[in-house]
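Undergrad: Here's my sequence, what's the structure:
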Amino acid sequence: MRGAVGPSPIVGLRLSCDELAPWAGITPEQAPALAASLCEGGEVDYLCVVRGAIFSAEKTRADFHEPELFNAGLAASVRAALPASVAVVLQGSVVDPAAAEAALAAGGCGTVEMTRAQLADAELVAKVRRGEPERVRPCLRCNQACQVRDARNPIISCVVEPSTGHELDDPDWYGGASAGPLPDVVVVGAGPAGLEAARVAAERPPGHRVRTPRRTRRYGGGGGAGRAAGALAAGRAGEAGRVGARRRHGDRRLVARSGGRGGGAAVHRRPGRAAPLRGGRRGHGARCRRAASR
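TA: Have a look, this model is predicted:
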């Protein structure tokens, strides 16, 4: 390969260092020596440590049932066997910026691979560089919309960032300031979908005035269950508040009028008229309803 491309281009090797099939494949014990032999002569610039193979394909795209950074120990053992000129890439459920920084600081790798994390938030690197890691939209590792090797050949997208994969056909959610007075927006249902609808409405220039009423102080809906989903719900609540959406608890009358089911129903009101807020794809599952003017 090096002979074909010349000295300048970067040449990398993606190597399964544990095929999870000790009767027929590479084992963690064999991997360091094998990696060292493949990188002899300075032909390889980096080696990405992965896990799984044809006998364990499901492990090549592990979901939240597997621990984060599950390849960290294996990458460190390979790192110890390679010359310093070869960078080791840690792959395997690296979705949290703080965990990625810790892995780099530990010295077991020289860089990390964060694919699904950047499908969930394409601005991940920019937010971390700005010192705003808390604003990163978290990857749930649910594998619901980002699966590859699917016979149906779907568009790769993300359940927490539905615009992923639709960048060329989605509208500009934050451009094109509206003419005339803006309607107020009430979002009934403060789960992740409702909070995202509130954020988009409040952030879209010049900004709707948004309220998200709740019977109680708890926001996040069913998305509050589990660590990753809880982080998503908390992050959406924080982002909605950051752009000015007002969270109001104890508003029983308005919530009761909606049927109490929430689900991200969004309503906007103008004097003398009422109409549903067009939501498109933003906020999975958001529903629009017509409300009586008051």
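
Undergrad: Centre of the chain to the helix ranked longest in the chain, how far?
TA: The residue-count maximum for a helix in the chain (DSSP state H) belongs to helix 227-242. A distance of 12 Å separates the centroid of the chain from that of helix 227-242, by Cα atoms, centre = their mean, to the nearest Å.

Undergrad: same thing with stretch 33-42?
TA: Relative to its chain's centre, stretch 33-42 lies at 35 Å (Cα atoms, centre = their mean).

Undergrad: same check, this time on stretch 55-70
TA: Worked out by Cα atoms, centre = their mean, stretch 55-70 lies 17 Å from the chain centre.

Undergrad: Take that stretch and give me the span from its first residue to its final residue.
TA: 18 Å (Cα to Cα, to the nearest Å).

Undergrad: which residues sit against that stretch?
TA: 19-21, 24-25, 50-53, 90, 92-96, 99, 103, 140-143, 147-149, 226, 228 (Cβ atoms under 8 Å, 6 or more residues apart in numbering). (C-beta placed from N, C-alpha, C; glycine too.)

Undergrad: and with 7 Å instead?
TA: Residues outside stretch 55-70 that contact it (Cβ atoms under 7 Å, 6 or more residues apart in numbering) are 19-21, 24-25, 50-52, 92-96, 99, 103, 140-143, 228.

Undergrad: Against C142, how distant is the closest residue to R199 other than its chain neighbours?
TA: With Cβ to Cβ, 6 or more residues apart in numbering as the criterion, R199 has its nearest non-adjacent residue at 4.3 Å, and that residue is A240. From A240 across to C142, the span is 22 Å (Cβ to Cβ, to the nearest Å).

Undergrad: circling back: tell me the confidence at the residue nearest to R199?
TA: If you check A240, the pLDDT there is 77.

Undergrad: residues in contact with it?
TA: 195, 198-199, 202, 212.

Undergrad: I156 is in contact with G165, isn't it?
TA: Yes. Here I156 lies in contact with G165, judged by Cβ atoms under 7 Å, at a distance of 5.2 Å.

Undergrad: got the contact list for stretch 157-166?
TA: So stretch 157-166 is contacted by 119-121, 137, 140, 142, 144-146, 155-156, 170, 232, 281-282, 284 (Cβ under 7 Å, 6+ apart).

Undergrad: in that stretch, what counts as buried?
TA: Going by neighbour count (16 or more other Cβ atoms under 10 Å), the buried part of stretch 157-166 is 157-165.

Undergrad: Could you dump those residues into a markdown table with pLDDT added?
TA: Compiled in a markdown table, these are given as follows (pLDDT from 0 to 100):
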| residue | pLDDT |
| --- | --- |
| S157 | 93 |
| C158 | 93 |
| V159 | 89 |
| V160 | 89 |
| E161 | 90 |
| P162 | 88 |
| S163 | 90 |
| T164 | 93 |
| G165 | 93 |
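
Undergrad: all strands of the stretch 151-294 of the chain, in order?
TA: Secondary structure of the stretch 151-294 of the chain (DSSP state E, counting those that start in this stretch): strands located at 184-188, 210-214, 246-249, 265-270, 273-276.

Undergrad: what angle do the first one and helix 227-242 make?
TA: For strand 184-188 against helix 227-242, the angle by axes from the mean of the first three to the mean of the last three Cα atoms, to 10 degrees is 160 degrees.

Undergrad: what separates strand 184-188 from the chain centre, distance-wise?
TA: That offset, for strand 184-188, works out to 26 Å (Cα atoms, centre = their mean).

Undergrad: Which strands or helices does it pack on?
TA: helix 192-203, strand 210-214, helix 252-257, strand 265-270 (3 or more Cβ pairs under 7 Å, 6 or more residues apart in numbering; DSSP states H and E).

Undergrad: again, only this time at 6 Å
TA: Applying 3 or more Cβ pairs under 6 Å, 6 or more residues apart in numbering; DSSP states H and E, we find strand 184-188 packed against helix 192-203, strand 210-214, strand 265-270.

Undergrad: Give me the ChimeraX select line for the contacts of stretch 157-166, limited to the buried ones.
TA: Buried subset of the contacts of stretch 157-166, written as a ChimeraX selection, criterion 16+ other Cβ under 10 Å:
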select :119,120,121,137,140,142,145,146,232,282,284
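
Undergrad: Going by distance to G42, which of the contacts of stretch 157-166 wins?
TA: Among the contacts of stretch 157-166, L119 lies closest to G42 (Cβ to Cβ), at 34.0 Å.

Undergrad: Lovely, talk soon.
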